[in-house]
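>>> Sequence first, then the predicted structure:
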Amino acid sequence: MRPINRLPSLTVRVAIAILLLSQTAAFAQDVTEQSLKAAFIFNFAKFTEWPADAMLTGQPLVLCVLGDAAIGEALERAVRSRTLSGHRMDVSQTTSSGTPRDGCHVLYVSGVTATQAAKLVAGVRDAPVLTISDAEGFTQIGGIAQFFFEHGQLRFNVHVESARRARLRISSRLLALATAK
């Protein structure tokens, strides 16, 4: 009887491990700031409940992006072919000099001045619109959620009173992940 040679088996296992590790590293490199923020925006929508009169049956959930085309494109990829609570999701993009379309359920604002952000938030203050931005001080001017980086990680805070005023219910699971800033 011939002895079993374990070398090829070990070589194959090492090769598979290297292949898997290199693919994992490649996937990790594909995560951009834009795709990460788009995933957060989608999850904010996923863990938010709108009042019954905010969306009629068959009406899409409209995610508006103002001022950051890269986030808009990443968000379009993230929500493509997905539904949320029975509603398909549409992404609407506007430049920072434009105004978001009526009917936004989520409004992400980036690349605007503090004055522009304050004006946008004031325009939807009592409407059931989930406002999100990466602008410094966004929640202090009445925005609902704000992204920021802390120790190299994307974090967010939520202004619960602004969400209540907009008649939005933010899941306690999402609020538990929010960071006080």
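Received the coordinates, thanks.
>>> what ranges do the strands span in this structure?
For the chain, strands defined by DSSP state E occupy the ranges 48-49, 61-66, 83-84, 87-94, 106-109, 130-133, 145-150, 153-158, 169-170.
>>> Let me know the pLDDT of Val14.
pLDDT for Val14: 31.
>>> ok, so what distance separates Thr57 from Leu84?
14 Å (CB to CB, to the nearest Å). (Glycine included, C-beta is placed from N, CA and C.)
>>> correction: Phe42
Distance, Phe42 to Leu84, using CB to CB: 8 Å.
>>> Distance to Ala118, mean neighbour count and mean pLDDT added to the strands of the chain, as CSV?
Below are the strands of the chain laid out as CSV (distance: least, CB to CB, whole Å; neighbours: other CB atoms under 10 Å; pLDDT from 0 to 100):
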stretch, distance to Ala118, mean neighbour count, mean pLDDT
strand 48-49, 22, 18, 96
strand 61-66, 14, 25, 94
strand 83-84, 29, 14, 88
strand 87-94, 17, 19, 91
strand 106-109, 10, 26, 96
strand 130-133, 11, 27, 97
strand 145-150, 13, 18, 95
strand 153-158, 17, 16, 95
strand 169-170, 22, 16, 96
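>>> pLDDT weak spots in the chain?
Applying pLDDT under 70 to the chain flags the ranges 1-30, 95-101, 180-181.
>>> redo that, cut-off 90
Within the chain, the stretches with pLDDT under 90 are 1-31, 52-59, 67, 81, 83-86, 93-103, 111-114, 123, 125-126, 179-181.
>>> Just the helices from it, written as ranges.
Under the criterion DSSP state H, the chain carries helices at the ranges 7-30, 33-46, 69-79, 114-123, 160-165, 172-177.
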